[in-house]
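>>> Let's see this in three dimensions:
(2 chains)
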There are 2 protein chains.
Amino acid sequence: MSISDAKVLSTVPLLDDEARWINLVKITYQDPKGASRTWESAERRTRPKDGEIDGVGIVAILNNPTTGRKELLLQRQYRPPVDCVTIEVPAGLVDADETAEQAAVRELREETGYVGVVTETSPIMYNDPGFCNTNLRMVHVSIDMSLPENRDPRPQLEDGEFIDVFTVPLDNLWEECKRLERDGCAIDARVGTIAEGILLAQQLKL
Amino acid sequence: MSISDAKVLSTVPLLDDEARWINLVKITYQDPKGASRTWESAERRTRPKDGEIDGVGIVAILNNPTTGRKELLLQRQYRPPVDCVTIEVPAGLVDADETAEQAAVRELREETGYVGVVTETSPIMYNDPGFCNTNLRMVHVSIDMSLPENRDPRPQLEDGEFIDVFTVPLDNLWEECKRLERDGCAIDARVGTIAEGILLAQQLKL
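Residues are numbered from 1 along each chain as shown, chains lettered A, B, ... in the order given. This is a model prediction of the structure:
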């Protein structure tokens, strides 16, 4: 069997008292004119106490010093919420007392086996702020492919994690996203939106 | 009063039978090895029946034919789920029987008053596919600032919508995001990730 054999068997309403990972809240807020209004929101239950982010996304770039090629590390993974194999950057939830950069280096090693160096950390980004409070920082990691530790990378996946790692040329990411969608994959917003930014920079000569 | 005067007054658990906009589900799925597992997911209740997307995000670029400047249209908006003023691209939910492009042109006119031409439509992108099924297409819209209809744009906001429209230079979006975060705003993932793509293209000469 392979990742594409995974599928939803059934979906039922989830009651608040049996939910372990996520929950819904009703927010009463004062609008900009001083009126009281309500809003519905979804949340993760896993954010560390006093933590500012749920997780990190990792823009891991494989650098080949000989050829000069820049490849982006991506993952194929079955995701029950969308009942599809998604194309995502490596990512993970942040542990308590862990910085975004520490989480990124750890998750990259666990999920892909690669060892890299952090080059950039993004502002906190909100995934869908009209719908939920989930957020992350994006961490850019440079992977030197000439180093011995990156010659034979071995992921250490947890029970229940099934991840295929692959790479695409960074300068053609927009077309790669369109091709992967035609092949039946669901494009994660981080992958598709980085591709948009690269496309805009190329088209508009930014 | 202004947008920054809005604030959360109280937050309580939301029960499934009183939720109108969103809901939680428990999914039973077959994993890639054939084992049965469960997953928790959040959903919007507003996706059109048989519709493929919840909404659209709009990359609206103001083109000044005289100066050649490219500015990105952004919005400041108070968002109860994050209890903060967010920086977002114009966006909206798709009506039944409406294409992504039609929704983008309509929402852009309603939220900002600008009239533009669609230049690109993205693959479907999933906002947070380990947590929820919400998705969108990004639609790129070019706004010709020399046209009379774009000289005095007037938004037509719904009751309860409070949106400030502003622009930033597209080639410096990453630094603008960092500045806006320092000023106390929350950066939406679309804005921050487009900035990342532009930064990568500039740094790596893609």
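>>> What sits closest to A:Thr167 if chain neighbours are left out?
By the measure of C-beta to C-beta, 6 or more residues apart in numbering or on different chains, the closest residue to A:Thr167 outside its immediate chain neighbours is A:Glu71, 3.9 Å from it. C-beta here means a position set from N, CA and C on the backbone, and glycine is covered the same way.
>>> Now the closest residue to chain B within chain A: which helix or strand?
Evaluated by C-beta to the nearest C-beta, chain A has A:Gly197 as its residue closest to chain B, separated by 1.9 Å. Remark: A:Gly197 resides in helix A:189-203, with elements defined by DSSP states H and E.
>>> Check what contacts the lowest-mean-pLDDT helix or strand in chain A and list those residues.
Within chain A, judged by mean pLDDT, DSSP states H and E, the helix or strand with the poorest mean is strand A:91-93; its value is a mean of 92. By C-beta atoms under 8 Å, 6 or more residues apart in numbering or on different chains, the residues outside strand A:91-93 that reach it are A:46, A:54-58, A:103, A:106-107, A:110-111, A:136, A:190, B:130.
>>> What of stretch A:42-52?
With contacts defined as C-beta under 8 Å, 6+ apart, stretch A:42-52 is touched by A:19-25, A:53-54, A:93-97, A:124, A:131-135, B:22, B:24, B:42, B:81, B:131-132.
>>> So which of the residues you listed are in strands?
A:Ile22, A:Asn23, A:Leu24, A:Val25, A:Leu93, A:Ile124, A:Asn135, B:Ile22, B:Leu24, B:Ala42 (DSSP state E).
>>> shaky segments in chain A?
Along chain A, the model assigns pLDDT under 70 to no residue.
>>> now the strands for it?
With DSSP E as the criterion, chain A has strands spanning A:7-13, A:22-30, A:36-44, A:55-63, A:70-79, A:84-88, A:91-93, A:117-126, A:135-144, A:163-169, A:186-188.
>>> Of those strands, which stretch is the most buried?
strand A:186-188 (a mean of 26; mean count of other C-beta atoms under 10 Å in any protein chain shown).
>>> wait, does that strand contact chain B?
Yes. Contact of strand A:186-188 with chain B (C-beta under 8 Å from any C-beta of the partner chain) involves A:Ala186, A:Ile187, A:Asp188.
>>> what does that strand contact?
Strand A:186-188 is contacted from outside by A:79, A:82, A:84-89, A:177, A:180-181, B:123-126, B:129, B:135, using C-beta under 8 Å, 6+ apart.
>>> Could you rerun that using 6 Å?
A:Val82, A:Cys84, A:Thr86, A:Ile87, A:Glu88, A:Cys177, A:Glu181, B:Pro123, B:Met125, B:Tyr126, B:Pro129 (C-beta atoms under 6 Å, 6 or more residues apart in numbering or on different chains).
>>> Quick check: nearest residue in space to the second one, chain neighbours excluded?
If I follow you right, that is A:Cys84. Nearest residue to A:Cys84, sequence neighbours excluded (C-beta to C-beta, 6+ apart): A:Ala186, at 4.1 Å.
>>> If the one you found is in a bridge, with which residues?
Using DSSP bridges, the bridge partners assigned to A:Ala186 are A:Thr86.
>>> State the distance from it to A:His140.
24 Å (C-beta to C-beta, to the nearest Å).
>>> so who does the residue nearest to A:Arg79 when sequence neighbours are not counted touch?
Nearest non-adjacent residue to A:Arg79, counting by C-beta to C-beta, 6+ apart: B:Pro129, 4.3 Å away. Counting by C-beta under 6 Å, 6+ apart, B:Pro129 touches A:Arg79, A:Pro81, A:Val82, A:Thr86, A:Asp188.
>>> Might you report the residue contacts of the fourth one?
If you count contacts by C-beta under 6 Å, 6+ apart, A:Thr86 has them with A:Gln77, A:Arg79, A:Ala186, A:Asp188, B:Pro129.
>>> With that, I have no additional questions.
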